[in-house]
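Participant: Mind looking at a prediction? Sequence and model below.
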Amino acid sequence: MNPGNDDVLILGGGVIGLSCALFLLEQGRSVRILEKNTVGGATSLGNCGTITPSHAPPLAAPGMIGKALKYMTQADAPFYIKPSTDLSLLDWLLRFSLRCNGRDHRQSALAKAKLLNASRPLLEDLIVRYAFDCGFEANGEMYVCRTPEGLDALVEELPLLAECGVIAELLDADMLAAREPALMPGMAGGIFFPNDAHFRPDAYCASLAGAVRALGGIIEEQCEVLSVAVDGDRVTCVETACGRRYGTQVLVALAAWSPAMLRSLGLALPIQPGKGYSISYSLPPIVPKTPLVLTERSVCVTSWAEGYRLGSTMEFAGFDDSLNIQRLNALERGAREYLRTPVGGEVLSRWSGWRPMTYDDLPILGRSPKHRNLFLATGHGMLGMSMSAITGQLLAAQMTGNEPAIDLAPYSAARF
């Protein structure tokens, strides 16, 4: 493989790196992706594959600190922080806690909504234009509440969601039961988001990689990036386990691993690895018509023609790669409280992965504040799939000298 000088080196072959590569190739740039393992094989692999403008409100919300303290005593809680003396995590948690107020909550929600609302049609356009075979369905998503208190909490967010441009339909108990036969009787109600969608995340990444290769992009798998060399304010080369690589521009899309790579360049990105879990099954006898969020248990349910997945949870425990059986079991226990047939007959996989979490729940996009030819596309939290298309379009515009369709200032690394 010729390791010559490419227009753009992209570090990381997940959904963000692949999306940026596709849009850059469409602009006529030559692109080489450097991926430690296989494309789409890390954070992009085992998530629930939902495309969710409805998820604009950030994790840092009023009342979240009280919930987090309560959850500290529950090893299987949907939000769990493992006790730690890691100073970077403690600093992140302090900054996160300071944003758990109405003003910052609204600010982050509106900034996230700009990206989510722009990405949703753009992503569907890519799927149609390139004929991706990824099980895409634009049939919405439903939040389900077992308790009146859970429903009341959701209703309180509807004005902010409306301000974010998110269409929502409130369902009472009878409407919910009629809409979704897979649910157990006795649910309090729910909210339906008609503009949400879903697909198979692994199939989508495979389709993206195929489109990148078809347009002449080079993807080097099993090619771990070891370091980035700089001279003044320019990146000069990238050292990999496969040798040295050169590019006129370098884009870092390493998800939760971005801070470790960039620390030596004087860039301190406040990203923590937020661990999520999922279990995939064969199809159960009764499958929900749309993806569901089981609100009180924070469990996401999605299905495709060939499989069914329970996922979610947020665990801050560093890069511990063990599969916590308590947290996996909590997904099934939660599903049993809501669904007539909560699991399939065969477990196909158990998975965990790290989402790149910033304390303001906004991604880090655009040129490095310290380097002319280094660009960042990371920190997408739980919404990398949802934001991937717009991220690719915005970074490609900036890197080719064009004006991005959305102002990148709120997402710049310079904000920290």
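Facilitator: Right, received. Where do you want to start?

Participant: can you give me the helices in the stretch 1-150 of the chain?
Facilitator: Under the criterion DSSP state H, counting those that start in this stretch, the stretch 1-150 of the chain carries helices at the ranges 15-26, 64-71, 87-98, 102-129, 148-163.

Participant: In a markdown table: the ones you listed, plus mean neighbour count, distance to residue 312 and mean pLDDT.
Facilitator: To be clear about C-beta, it is placed using only N, CA and C from the backbone, and glycine gets the same treatment. Converted to a markdown table, the helices of the stretch 1-150 of the chain look like this (neighbours: other C-beta atoms under 10 Å; distance: least, C-beta to C-beta, whole Å; pLDDT from 0 to 100):
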| stretch | mean neighbour count | distance to residue 312 | mean pLDDT |
| --- | --- | --- | --- |
| helix 15-26 | 27 | 18 | 98 |
| helix 64-71 | 14 | 14 | 81 |
| helix 87-98 | 15 | 19 | 94 |
| helix 102-129 | 18 | 18 | 98 |
| helix 148-163 | 15 | 15 | 97 |
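
Participant: Out of those, flag the one nearest residue 274.
Facilitator: Nearest of these to residue 274, taken as C-beta to C-beta: helix 87-98 at 10.3 Å.

Participant: just the CA coordinates of that closest one, formatted as PDB?
Facilitator: Output of helix 87-98 as PDB, limited to C-alpha atoms (Å, rounded to 0.1, in the frame of the first residue of the first chain):
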ATOM      1  CA  LEU A  87      -8.200  14.100  38.500                       C
ATOM      2  CA  SER A  88      -9.400  14.500  34.900                       C
ATOM      3  CA  LEU A  89     -12.700  12.700  35.700                       C
ATOM      4  CA  LEU A  90     -13.200  14.800  38.900                       C
ATOM      5  CA  ASP A  91     -12.600  18.000  37.000                       C
ATOM      6  CA  TRP A  92     -15.000  16.800  34.300                       C
ATOM      7  CA  LEU A  93     -17.700  16.000  36.900                       C
ATOM      8  CA  LEU A  94     -17.300  19.400  38.600                       C
ATOM      9  CA  ARG A  95     -17.800  21.200  35.300                       C
ATOM     10  CA  PHE A  96     -20.700  18.900  34.400                       C
ATOM     11  CA  SER A  97     -22.400  19.600  37.700                       C
ATOM     12  CA  LEU A  98     -22.100  23.400  37.200                       C
END
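
Participant: Counting by contacts, list what that helix packs against.
Facilitator: strand 271-281 (3 or more C-beta pairs under 8 Å, 6 or more residues apart in numbering; DSSP states H and E).

Participant: So what's the gap between the strand it packs on and the chain middle?
Facilitator: 10 Å (C-alpha atoms, centre = their mean, to the nearest Å).

Participant: do stretch 222-237 as well
Facilitator: 26 Å.

Participant: repeat for stretch 257-277
Facilitator: 15 Å.

Participant: now the end-to-end length of it.
Facilitator: Stretch 257-277 has its terminal residues 18 Å apart, counting by C-alpha to C-alpha, to the nearest Å.

Participant: Tell me the buried residues in that stretch?
Facilitator: 257-259, 261-262, 265, 267, 269-277 (16 or more other C-beta atoms under 10 Å).

Participant: Show me which residues of the helix or strand residue 211 falls within are buried.
Facilitator: Element membership for residue 211, per DSSP states H and E: helix 201-214. Within helix 201-214, the residues that count as buried by 16+ other C-beta under 10 Å are 201-212.

Participant: now swap in stretch 130-140 and tell me
Facilitator: Using 16+ other C-beta under 10 Å as the test for burial, stretch 130-140 gives 132, 134-137, 140.

Participant: Can you give me every residue that contacts the residue nearest to residue 294 when sequence neighbours are not counted?
Facilitator: Once flanking residues are discounted, residue 294 sits nearest to residue 338: 4.8 Å by C-beta to C-beta, 6 or more residues apart in numbering. When contacts are counted by C-beta atoms under 8 Å, 6 or more residues apart in numbering, residue 338 touches 144, 146, 183-184, 187, 292, 294, 297, 299.

Participant: Same question for residue 97.
Facilitator: 60, 65.

Participant: on that earlier part again, just the buried subset of the contacts of residue 338, please.
Facilitator: 144, 146, 183, 187, 292, 294, 297, 299.

Participant: that older thread, give me the phi and psi for the residue nearest to residue 294.
Facilitator: Dihedral angles of residue 338 (phi, psi; degrees, to the nearest 10) stand at phi -120, psi -30.

Participant: what separates it from residue 229, distance-wise?
Facilitator: Distance, residue 338 to residue 229, by C-beta to C-beta, to the nearest Å: 52 Å.

Participant: Strands along the stretch 301-416 of the chain, start to end?
Facilitator: For the stretch 301-416 of the chain, the strands defined by DSSP state E, counting those that start in this stretch occupy 307-316, 347-358, 364-367, 374-378.

Participant: rank those strands by pLDDT, which is bottom?
Facilitator: Looking at these, the lowest mean pLDDT belongs to strand 307-316 (a mean of 92).

Participant: what angle separates it from helix 87-98?
Facilitator: Counting by axes from the mean of the first three to the mean of the last three C-alpha atoms, to 10 degrees, strand 307-316 lies at 100 degrees to helix 87-98.
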